[in-house]
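Peer 1: sequence plus predicted model, see below.
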Amino acid sequence: MSKYTVGLWLYQNGGGDVIQRKLIERLRERDIGVISGLNLAKALAHKGSIVCNGVNMEDLDLFFTYNAGQQTQYQMYLYEMLDRCIPIINNYRSFALTEDKFKTTHLLRRHGINTPDYCLCRHNNLDALRASMVDWGGRAVYKPTDGWGGTGIVRLDNESALDMLQPFINKIDIQHFFVERFVQNDHTDFRIDVVDGDYVGCYGRKAPQDDWKTNITSGGSVIAREPNDEVVQLAIKAAKVTGLEIAGVDLIYDQEREEYVVLEVNGIPAFATPDQEEFGLDFNDRKIDKIVEMIERKVTVNKLVDVEMNPLSEKIVEEGVDKRVEEAVHAA
């Protein structure tokens, strides 16, 4: 029987099944058992427990959830509650933050990280948006605050475009309007993967011809890219500010201001697909190893803290567990 038990829900397409097998194998090598397939869509909460596929989720030492495409409001609701009971990667508070583009951008700017200039206002306050666009030279990008994959993003090439967008905004009945300054760039970006505060990999994406969106779901393509120290350090800082244990940070180079800016911080950055690995993206194993190391540290520290807090553990504490707890917490 394994010393620790971790729950896992990881996407299976695009080579995710292979990643899952490697994670399970490497965790088991460290005496950490894994229960996979714990999709919270199938969970039920009653009598003080959240049960999924017959597993009492609160009895797990840690839950690792990593599936962007199948996340629903119900799952997020249980995710938030479960995060109050056991360690989860990514932690709910940081994951929820980075699901919102405005909140992420605002927090990054508050910590001195370059992002596109932005304006958030009530949906009927077009005067504020026009004033912002004047400051930005008349060009902006409208973004749904909770969208992903480039969905719903619209480029505004002049102030009159706001009037054309207004009926659409009214139709979908949102209460706020988020726009960013359009950043002049070469229509390529950097995606920097960060795990547990360390850089693990980089690649780029390129917009299709006659387009400006680099998102893969919008027709963009993956390109090989060597990062420089500046983008790596920006990505590490952005991940730290948001609090994500695992982050994919998207950056572009602002040609007008001659600086890198952070566009988004993704809480479920995909591993390289088999085709992309053949293409030369070779960071999967490094990423898996860092995740495994982080999980081991977190479950170990959590167990030690539980022992420390247990009033029946005086004999164990006297034998030095208290010192190990202090060392483990410091290392974390």
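Peer 2: Structure received. Numbering: from 1, shown residues only.
Peer 1: measure Leu281 to Ile223 for me?
Peer 2: Distance check for Leu281 against Ile223: by Cβ to Cβ, to the nearest Å, it reads 10 Å. (Each C-beta comes from the backbone N, C-alpha and C, glycine too.)
Peer 1: between those two, what contacts are shared?
Peer 2: Residues touching both Leu281 and Ile223 by Cβ atoms under 8 Å, 6 or more residues apart in numbering: Tyr203.
Peer 1: compare these two (neighbour count), which wins?
Peer 2: For Leu281 and Ile223, the more surrounded residue by other Cβ atoms under 10 Å is Leu281, and the numbers stand at 18 against 14.
Peer 1: my read: that one touches Val222, true?
Peer 2: Yes. The pair Leu281 and Val222 passes the contact test of Cβ atoms under 8 Å, sitting 7.3 Å apart.
Peer 1: what touches both of the two?
Peer 2: Tyr203.
Peer 1: and Asp254, what does it touch?
Peer 2: Shown in contact with Asp254 (Cβ under 8 Å, 6+ apart): 114, 183-185, 260-261.
Peer 1: buried subset of those as a ChimeraX selection?
Peer 2: Buried subset of the contacts of Asp254, written as a ChimeraX selection, criterion 16 or more other Cβ atoms under 10 Å:
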select :183,185,260,261
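Peer 1: so Asn302: helix, strand or coil?
Peer 2: Under DSSP: H, G, I helix; E, B strand; the rest coil, Asn302 falls in the helix class.
Peer 1: if I look at the nearest residue to it once chain neighbours are set aside, how far off is Met294?
Peer 2: Nearest non-adjacent residue to Asn302, counting by Cβ to Cβ, 6 or more residues apart in numbering: Pro87, 5.8 Å away. Here the criterion is Cβ to Cβ. By it, Pro87 lies 10 Å from Met294.
Peer 1: swap in Thr217?
Peer 2: 28 Å.
Peer 1: more neighbours: these two, which one.
Peer 2: Neighbours were counted for Thr217 and for Met294 using other Cβ under 10 Å; Met294 has more, 20 against 10.
Peer 1: thinking the more buried one is in contact with Val194, fair?
Peer 2: No. Using Cβ under 8 Å, Met294 makes no contact with Val194, being 11.5 Å away.
Peer 1: give me every residue that touches Thr273.
Peer 2: Counting by Cβ under 8 Å, 6+ apart, Thr273 touches 14-15.
Peer 1: sorry, back to before: thinking the residue nearest to Asn302 is in contact with Asp61, fair?
Peer 2: Yes. Counting by Cβ under 8 Å, Asp61 is a contact partner of Pro87 at 7.5 Å.
Peer 1: which neighbours do the two have in common?
Peer 2: By Cβ under 8 Å, 6+ apart, the residues touching both Pro87 and Asp61 are 299, 302.
Peer 1: okay, and the closest residue to Lys22 other than its chain neighbours sits in which element?
Peer 2: What sits nearest to Lys22 in space, not counting adjacent residues and going by Cβ to Cβ, 6+ apart, is Ile288, at 5.3 Å. Counting by DSSP states H and E, the element that carries Ile288 is helix 284-309.
Peer 1: what number of residues lie near the residue nearest to Asn302?
Peer 2: Residues lying near Pro87 (other Cβ under 10 Å) number 19.
Peer 1: try the one 4 residues further on
Peer 2: A count of neighbours around Asn91, defined by other Cβ under 10 Å, yields 16.
Peer 1: tell me how far it lies from Leu234.
Peer 2: Distance of Asn91 to Leu234, given as Cβ to Cβ: 22 Å.
Peer 1: picking up where we left off before, now do the same contact list for the residue nearest to Asn302.
Peer 2: Taking Cβ under 8 Å, 6+ apart, we find Pro87 in contact with 61-63, 298-299, 302.
Peer 1: nearest to Ala131, of those?
Peer 2: For the contacts of Pro87, the closest approach to Ala131 (Cβ to Cβ) belongs to Phe63, at 45.6 Å.
Peer 1: so that closest one is in which element?
Peer 2: Using DSSP H and E, Phe63 falls within strand 62-66.
Peer 1: so what touches that strand?
Peer 2: So strand 62-66 is contacted by 4, 6-11, 23, 38, 40, 57, 79, 82, 86-90, 246, 268, 291, 295, 298-299, 302 (Cβ under 8 Å, 6+ apart).
Peer 1: each with direction, which strands does that strand pair with?
Peer 2: The strands that strand 62-66 pairs with in its sheet are strand 4-10 (parallel), strand 88-89 (parallel) (by DSSP bridges).
Peer 1: only alpha carbons, please: show that strand as PDB.
Peer 2: Extracted in PDB, the C-alpha atoms of strand 62-66 (Å, rounded to 0.1, in the frame of the first residue of the first chain):
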ATOM      1  CA  LEU A  62      -3.700  15.900  -2.900                       C
ATOM      2  CA  PHE A  63      -5.800  16.400  -6.000                       C
ATOM      3  CA  PHE A  64      -4.200  17.200  -9.400                       C
ATOM      4  CA  THR A  65      -6.700  18.600 -11.900                       C
ATOM      5  CA  TYR A  66      -5.500  19.400 -15.400                       C
END
